[in-house]
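>>> give me a model of this one.
(one chain, ligands or ions: 1)
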Amino acid sequence: MADPNARDVKLIQYLNEAYGKEKQLETSLQAHISMTTRPPYKKRLQQHLKETKAHGRQVERRIKKLGGKADAGPLPGGSAVAEVADAAQTVVRKGAALAQGPVHAVRGTGEQEKLLKNAKTEYQDEAEEIATYTAIETLADTVGDKETAQLAKGIRREEERMAKFLEKQIPMLTKAVAQDEIPAELRSSSSSRRRSSSRSSSSSRSSSSRGSSSRGSSSRSAGSRTSASKGSSSRGGSSRGRSASSKSSGGSSSSRSGSRSGGGRSSGSRARSSR
Ligand SMILES: [Fe+2]
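Prediction:
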């Protein structure tokens with residue numbers, strides 16, 4: 001194949017950045033899997049490791065098709081400086097991934113916190129990958145390379161699904177840290193403080209069943225909210241149900257909250273009571 005043109009050199013460069021990241025994540029995901037004790041989380045990491053390996057292979061294939069060479073090696077047609085910089089980057093990446101495993105094994109004050117810190121790192125990595133594939137897709141679209149754009153889009157969607165999973169995992173892991181490290185009597189007050197701050201769903205409900213309930217039910221709001229939204233019983237399920245219900249009730253109460261914000265809370269409740 002002839003030397004790639006300027007367009008393909010740029011595509012190859014971006015694809016190689018993605019390739020390097022995938023290779024780095026293979027190593028760190030393997031380390032995190034071996035440290036993870038929670039079965040559903042571990043299973044999802046294993047699934048994402050498979051996806052990550054597949055991403056690496058797909059990107060490598062595309063790089064070759066464009067006339068480049070994967071493994072973040074010297075770029076064909078690139079300048080000597082670019083080649084040296086690229087090689088240095090590869091070394092740094094591999095070193096970082098190798099160093100991460102043992103470092104991550106000793107992070108945090110306890111088992112659960114270690115998992116939480118790993119999840120935060122994984123989330124950060126997913127965000128970087130999403131950004132990388134968004135850039136690749138945009139560049140490919142801009143220069144009319146449909147195949148690369150399609151590839152980047154497909155991979156980005158898998159990274160987004162993983163990011164969403166981690167987004168839900170992080171609160172669960174944080175709760176597990178609190179349960180492990182903070183005495184129950186100190187936990188309950190902080191959690192009721194948090195609940196009372198998410199006022200939207202309870203206020204929307206109190207307007208339909210207005211009257212006495214508001215204060216008395218606030219301590220039990222999470223439970224009643226869960227049952228109201230047909231919450232599932234598992235821990236993950238209930239937190240998901242709760243966030244979904246608070247989101248949807250936020251939407252449905254928007255017209256009412258408009259009047260509330262317009263006239264202040266007291267006039268809003270006065271308006272309601274006059275109805
Ligand atoms: Fe990936």
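
>>> near the ion, which residues of the chain are found?
For the chain, the residues in contact with the ion (C-beta under 5 Å from the ion) are Thr52, His55. Backbone N, C-alpha and C define where each C-beta goes, glycine included.

>>> what about 8 Å?
Selection of the chain residues close to the ion by C-beta under 8 Å from the ion yields 18, 21-22, 25, 48, 51-52, 55-56, 126, 129, 155, 158-159, 162.

>>> against which helices or strands is the top helix by length along the chain packed?
Taking DSSP state H as the criterion, the chain has its longest helix at helix 146-181. Helices and strands touching helix 146-181, as assessed by 3 or more C-beta pairs under 8 Å, 6 or more residues apart in numbering; DSSP states H and E, comprise helix 6-35, helix 39-65, helix 111-142, helix 235-252.

>>> which of those helices sits most buried?
Comparing the helices and strands packed on helix 146-181 by mean neighbour count (mean count of other C-beta atoms under 10 Å), helix 6-35 ranks first with a mean of 20.

>>> contacts only, for the residue of the stretch 51-200 of the chain found nearest the ion.
The stretch 51-200 of the chain approaches the ion most closely through His55 (4.0 Å), counting by C-beta to the ion. His55 is in contact with Ala18, Glu22, Ile155, Glu158, counting by C-beta atoms under 8 Å, 6 or more residues apart in numbering.

>>> nearest to Leu139, of the residues you listed?
For the contacts of His55, the residue nearest Leu139 by C-beta to C-beta is Ala18; the value is 11.4 Å.

>>> wait, the closest one touches Ala131, no?
No. Using C-beta atoms under 8 Å, Ala18 makes no contact with Ala131, being 10.2 Å away.

>>> correct me if wrong: Leu66 contacts Leu11.
Yes. Counting by C-beta under 8 Å, Leu66 does reach Leu11; the two are 5.7 Å apart.

>>> please consider this matter closed, and thank you.
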